[in-house]
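Enquirer: Could you look at this predicted model? Sequence included:
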Amino acid sequence: METPIMQLTDIGKHFCSIKALSNVSIKIIQGECHCLLGDNGAGKSTFIKIMSGVHQPTSGQIYFSGEMTTIESPRSAIDSGIATVYQDLAMIPLMSVMRNFWLGRELVKNIGPFKIMDTKKCNAILMQEMEKMGISLHDPSQSVGTLSGGEKQSVAIARAVYFGAKVLILDEPTSALGVYQTEKVLKTIAKVREKGIAVVFISHNVNHALEVGDKFTVLCRGKTLGTAVRGKIDYAQLQYMMSGEKLN
Ligand SMILES: Nc1ncnc2c1ncn2[C@@H]1O[C@H](COP(=O)(O)OP(=O)(O)O)[C@@H](O)[C@H]1O
Ligand SMILES: [Mg+2]
């Protein structure tokens, strides 16, 4: 069997007396879209913050490419190829799409003794990367604030992919979007998966998850009942698992 790119075993997380997660295990495989489903407060964001080095788990183990590891900080997660796109995107609305894409990593060229930003090249790569995601931008110099919610998500996803993400974590990328924008983002997710990147897609919308997911892990009040595989589970079962404890 293929070694998971990332595996988290028996993860627990307490915030003082609040038990946000207990004994959550998940295996992330390259080229698969793994959906993490759950109602508000189920522990989804806490779990991916552990995957991305924002929080340390209270208990449990993390393996990356088969080796046990600790993810000490968001920086070390990024350096290992774990990229996260949060609900409230880390983007600067008044800055151009191009500058938001590069964010301090802009390409430079030499003019005599000076180094200046190679705007032409930066723009060209941005347009090319967005094209690969199926999005045609009108103008790389337009400010990010003028993009639709779905386009912003796609820029953040394209940025993570271009800078070498192996595991791309998306925290509720479709929750604030309308039907048309949601479709665009789901198509972008499918494209990322085709590149062999592992996608962890957090959602509380079962329909969105079923559209792109290969595996489904449901969190309910910090616990999981395990992982289901595409085709072996349907809408009603996933919906029931998400609200299971309430029905008891
Ligand atoms: N930094 C924190 N301090 C205290 N409690 C927290 C913190 N982060 C999350 N929680 C609690 O952990 C539980 C799970 O939250 P969260 O992971 O945000 O859920 P979800 O993303 O599924 O909506 C909630 O009860 C929330 O109040
Ligand atoms: Mg959340």
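Expert: Cool, got the structure. Ligands and ions are numbered 1, 2, ... in the order given.
Enquirer: and the closest residue to residue 162 other than its chain neighbours, what is it in contact with?
Expert: In space, and not counting its chain neighbours, residue 162 is closest to residue 129: 5.0 Å by Cβ to Cβ, 6 or more residues apart in numbering. Every C-beta, even on glycine, is put in place using the N, C-alpha and C of the backbone. Neighbouring residues of residue 129 by Cβ atoms under 8 Å, 6 or more residues apart in numbering: 101, 158, 159, 161, 162.
Enquirer: Show me just the buried residues among the residues you listed.
Expert: 101, 158, 159, 161, 162 (16 or more other Cβ atoms under 10 Å).
Enquirer: Assumed the fourth one was part of a strand.
Expert: What it means is residue 161. No: with DSSP: H, G, I helix; E, B strand; the rest coil as the criterion, residue 161 is located in helix rather than a strand.
Enquirer: so what's the residue lying closest to residue 165 once chain neighbours are set aside bridging to?
Expert: Take residue 165 and drop its neighbours on the chain: the residue closest to it by Cβ to Cβ, 6+ apart is residue 83, 3.7 Å away. Taking DSSP bridges as the rule, residue 83 bridges to residue 168.
Enquirer: Could you tell me which residues of the protein lie near ligand 1?
Expert: 15, 18, 20, 38, 40, 41, 42, 43, 44, 45, 46 (Cβ under 6 Å from any ligand atom).
Enquirer: out of those residues, who's nearest residue 242?
Expert: When the residues of the chain next to ligand 1 are compared for distance to residue 242 (Cβ to Cβ), residue 38 wins out at 6.0 Å.
Enquirer: wait, isn't that closest one in contact with residue 205?
Expert: No: if you go by Cβ atoms under 8 Å, residue 38 and residue 205 don't touch, sitting 11.0 Å apart.
Enquirer: The two: which is more packed in?
Expert: Here residue 38 and residue 205 are compared on neighbour count by other Cβ atoms under 10 Å; more neighbours surround residue 38, at 24 against 14.
Enquirer: which residues of this structure fall in strands?
Expert: 6-15, 18-28, 33-37, 59-64, 67-69, 82-85, 108-111, 114-117, 167-171, 198-203, 215-220, 223-229 (DSSP state E).
Enquirer: Highest mean neighbour count out of those strands?
Expert: Highest mean neighbour count among these (mean count of other Cβ atoms under 10 Å): strand 33-37, with a mean of 27.
Enquirer: Quickly run through the sheet partners of it, with directions.
Expert: strand 198-203 (parallel), strand 215-220 (parallel).
Enquirer: now the first one: mean pLDDT?
Expert: Averaged across strand 198-203, pLDDT comes to 96.
Enquirer: Show residues contacting that strand.
Expert: 5-6, 28-37, 44-45, 48, 51, 166-175, 189, 192-193, 209, 212-213.
Enquirer: repeat that for 7 Å
Expert: For strand 198-203, contacts defined as Cβ atoms under 7 Å, 6 or more residues apart in numbering pick out 5, 28-37, 44, 48, 166-172, 174, 189, 192-193, 209, 212-213.
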